[in-house]
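**Student:** Build me a model:
(one chain, ligands or ions: 1)
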Amino acid sequence: MPTAIPVLAILCALFGLAALWFYIRLKQAGVPLADSSTMLRQRNDVLESVLEGLGDSCLLVNQRQDIVFANHETHDLFRTSGQLHGRPLAELIQDQAILSFVARVTKGNRWQEEEFRLGLIRDGSLEERYLVVSAAPVRLFGEEQPDHLRVVIRDETDRHETEQIRKDFVANASHELRTPLSIINGYLENLLDGVIDDPVMTKRSLQTMQKHGERIARIVEDMLTLSKFESASETGASALRQSSFSCQECVEDVVDRLGPKIEEKRARVELLFPQDASDVIDADRFYWDQIFFNLIENALKENQADGKLILTISFTRAGGAAIMRIADNGVGIPRADLPFIFKRFYRVAKHHSQTIKGTGLGLSIVRRAIESHGGTIAVDSTLGVETAFTIRLPDLTEADLAGQEP
Ligand code: ADP
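**Tutor:** Purely as a prediction, here's the structure:
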């Protein structure tokens, strides 16, 4: 009897090893080892948890191109709230180029990626979006061959716009600098070749060169200011040198500096500020000098010296914000130009803009400076009646100033 115990133990070990070998072979052969509905549910749960919160729209479509899964980002991108499961992909993406791309990937049976430009409805209006779509065949439910397609859609509109702004900026800056540079070079050539030799003409040429040299300097200076303000808007309020100062004092300083121009334009400047100390703001004074200077200087330089020009600068507080308004009763800005005037190098071609000194960067600087303080600026204009720029500067909390969440 005692010899039976080791024999039994050996038999049990052999049986265990055989069971393990059998299990490994079944796994290698892909035979389901648990109840298939539980496995499917588990697999779906894993899939969903991976595909949700990816940041990009992600869809699974079957070979008939019906949607079998769509994550939340898909609903956000296409602004749909209803059930997508079971609906044809063509109902969601009504763009023939993307649908043909998906069909090509299904046919070619390999991963592909392409960029598409299409119009999507945003808040009731059609908006141009840049989407990068990648699609890859996938095997679901243990099939031998890929039976589904995974479609990932990345919205690259913001990156595309930033890239475009950068390209436009370089192109515009080069164009703006090229004109005065070629004028200077032309005069220099004439002077060196002796084409211009009498003293009066020489002096006039030098003066023209000086004027264009100053213009180049002004463009470069504005570009540097803009770039500084843009980095500040990216890094937030923490990059600003905050101090408490009276807005009225800041405006009065600017009006003083612009005194000769105000006289030259025979303009009247009216300041409407509260009598208590509520015009004190916490901000970077250097920026606000630039903001008021650019806005007041624009109102002066864009208008005639007919003695009728009135500039009204007012300050009020409402809804937890300081509201500043810089208005003039001059020529005004055509309605069609209003959406563009804050863009870099944009100058209104109408009225006498071509003869007025300016780089087209002033209002971009103003907007950037205000945005880096968390504020906004809006413009309204009625030709020949009034042009008003309204700045809204929300009161910042201590946490905002430190660049933290309140
Ligand atoms: P600029 O350096 O040419 O002044 P800005 O960016 O400051 O460029 O202004 C853009 C354009 O907006 C100007 O060319 C001008 O035509 C128009 N503009 C700005 N402010 C006024 C105003 N107060 N009245 C009329 N036009 C204005």
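**Student:** what residues are up against the residue nearest to residue 299 when sequence neighbours are not counted?
**Tutor:** In space, and not counting its chain neighbours, residue 299 is closest to residue 328: 3.9 Å by CB to CB, 6 or more residues apart in numbering. Quick note: C-beta positions are derived from backbone N, CA and C, even for glycine. By CB atoms under 8 Å, 6 or more residues apart in numbering, residue 328 lies in contact with 299, 303, 309, 310, 311, 312, 386, 387.
**Student:** Neighbouring strands of the top strand by length along the chain in the sheet, and parallel or not?
**Tutor:** Determined from DSSP state E, the single longest strand within the chain is strand 125-138. Strand 125-138 pairs in its sheet with strand 112-122 (antiparallel), strand 148-155 (antiparallel), by DSSP bridges.
**Student:** In CSV, list those along with distance to residue 131, mean neighbour count and mean pLDDT.
**Tutor:** Output for these, formatted as CSV (distance: least, CB to CB, whole Å; neighbours: other CB atoms under 10 Å; pLDDT from 0 to 100):
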stretch, distance to residue 131, mean neighbour count, mean pLDDT
strand 112-122, 5, 13, 90
strand 148-155, 5, 21, 93
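**Student:** can you list those strands in JSON lines and add distance to the ligand?
**Tutor:** Output for the strands paired with strand 125-138, formatted as JSON lines (distance: least, CB to the nearest ligand atom, whole Å):
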{"stretch": "strand 112-122", "distance to the ligand": "27"}
{"stretch": "strand 148-155", "distance to the ligand": "30"}
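**Student:** wait, which of the ones you listed is closest to residue 84?
**Tutor:** Residue 84 lies closest to strand 148-155 among these, at 12.0 Å (CB to CB).
**Student:** wouldn't residue 370 be in contact with residue 389 here?
**Tutor:** No: using CB atoms under 8 Å, residue 370 makes no contact with residue 389, being 10.0 Å away.
**Student:** about what we covered before: now do the residue nearest to residue 299 against the ligand, distance only.
**Tutor:** 5 Å (CB to the nearest ligand atom, to the nearest Å).
**Student:** Residue 58 and residue 72 touch, don't they?
**Tutor:** No: look at residue 58 against residue 72 with CB under 8 Å: they stay out of range, at 9.6 Å.
**Student:** Between these two, point out the one with more neighbours.
**Tutor:** Legend: neighbour count by other CB atoms under 10 Å for residue 58 and residue 72, higher for residue 58 (22 against 13).
**Student:** Show the pLDDT at the more buried one.
**Tutor:** At residue 58, the model reports a pLDDT of 94.
**Student:** do you know how far it is from residue 252?
**Tutor:** 58 Å (CB to CB, to the nearest Å).
**Student:** Could you do residue 376 as well?
**Tutor:** Distance from residue 376 to residue 252, by CB to CB: 24 Å.
**Student:** pLDDT weak spots in the stretch 51-200 of the chain?
**Tutor:** For the stretch 51-200 of the chain, the stretches flagged by pLDDT under 70 are 141-143.
**Student:** how about 80 then?
**Tutor:** 51-54, 122-124, 140-145 (pLDDT under 80).
**Student:** by how many degrees do the helix or strand where residue 107 lies and strand 112-122 diverge?
**Tutor:** Using DSSP states H and E, the element containing residue 107 is helix 96-108. The directions of helix 96-108 and strand 112-122 differ by 150 degrees, with axes from the mean of the first three to the mean of the last three CA atoms, to 10 degrees as the criterion.
**Student:** list the buried ones in helix 96-108?
**Tutor:** 98, 101, 102, 105, 106 (16 or more other CB atoms under 10 Å).
**Student:** Identify all contacting residues around it.
**Tutor:** Counting by CB under 8 Å, 6+ apart, 61, 63, 65, 89-90, 93, 111-112, 114, 116, 118, 131, 133, 135-137, 149, 151 sit against helix 96-108.
**Student:** and the residue nearest to residue 126 when sequence neighbours are not counted, what does it touch?
**Tutor:** Nearest residue to residue 126, sequence neighbours excluded (CB to CB, 6+ apart): residue 119, at 4.5 Å. Shown in contact with residue 119 (CB under 8 Å, 6+ apart): 126, 127, 128, 129.
**Student:** any idea which element the residue in the stretch 51-200 of the chain positioned nearest to the ligand lies in?
**Tutor:** The stretch 51-200 of the chain approaches the ligand most closely through residue 176 (10.5 Å), counting by CB to the nearest ligand atom. For residue 176, the host element (DSSP H and E) is helix 157-192.
**Student:** by contact count, what packs against that helix?
**Tutor:** Under the contact definition 3 or more CB pairs under 8 Å, 6 or more residues apart in numbering; DSSP states H and E, helix 157-192 sits against strand 125-138, helix 199-235.
**Student:** I'd like to check the angle between it and helix 199-235, please.
**Tutor:** Per the same axes, to 10 degrees, the angle that helix 157-192 makes with helix 199-235 is 160 degrees.
**Student:** which of the residues in helix 157-192 are buried?
**Tutor:** Under 16+ other CB under 10 Å, the buried positions of helix 157-192 are 160, 169, 172, 173, 176, 180, 183, 184, 187, 191.
**Student:** The helix or strand harbouring residue 251: which residues count as buried?
**Tutor:** Assigned by DSSP H and E, residue 251 belongs to helix 247-257. For helix 247-257, burial by neighbour count (16+ other CB under 10 Å) applies to 247, 248, 250, 251, 252, 254, 255.
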